[in-house]
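Colleague: I would like the atomic coordinates for the input below:
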Amino acid sequence: MSLTIDDRLEIHELIALHGHLCDAGAYDRFGEVFASDLEVDVGDLGRRQLPAGDPSQPRLATYIAAAHRIGPGDTLALHVTSTIVREDGDGARAWSKGLAVKQDGSAASFTYEDQLVRTTQGWRIKKRKVSPRREPGRGVEPLILRP
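Modeller: Next up, the predicted model:
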């Protein structure tokens with residue numbers, strides 16, 4: 001499958017929408033960003049993977065419920081930038097840089113690595129890995145950076 005410019009733009013806007021939804025506390029709209037069978041890997045952040053939850057409910061429902069429980073914490077704003085999109089079989093992969101600005105003025109930096117699928121509603125993130133940026137020069141090196 002070849003990604004069109006429209007595909008790439010939709011994916012960029014989808015990833016940006018996640019940050020806006022988080023800032024607004026609009027977790028119930030995560031279905032506009034994530035696939036119903038979403039898998040999220042936050043192990044590098046020291047968090048455990050979300051439980052499978054009720055088998056009669058999509059994994060996305062479990063993720064939304066967890067977002068409501070956790071809430072924004074002390075994060076004032078979530079910024080996502082430097083997104084790179086590449087074809088991946090019948091889907092796409094994207095790597096983005098994230099920056100969370102805290103109430104005390106401190107910031108946290110991380111990388112999103114997303115696997116996306118095309119659905120009847122448009123592109124959705126099916127798998128997301130979140131990796132913190134804690135040491136200079138020790139970030140995620142996606143395959144896209146290699147010649």
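
Colleague: for the chain, where's the lowest mean pLDDT among helices and strands?
Modeller: Of all helical and strand segments in the chain, the minimum by mean pLDDT, DSSP states H and E falls on helix 59-70, at a mean of 88.

Colleague: For the helix or strand just after it, which helices and strands make contact with it?
Modeller: Later in the chain than helix 59-70, the nearest helix or strand by DSSP states H and E is strand 75-88. Secondary-structure packing of strand 75-88 (3 or more CB pairs under 8 Å, 6 or more residues apart in numbering; DSSP states H and E): helix 5-24, strand 91-102, strand 107-119. C-betas here are computed from N, CA, C, even on glycine.

Colleague: Kindly reformat those as TSV containing distance to residue 83, mean pLDDT and mean neighbour count.
Modeller: Below are those laid out as TSV (distance: least, CB to CB, whole Å; pLDDT from 0 to 100; neighbours: other CB atoms under 10 Å):
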stretch	distance to residue 83	mean pLDDT	mean neighbour count
helix 5-24	5	97	16
strand 91-102	4	95	19
strand 107-119	8	94	18
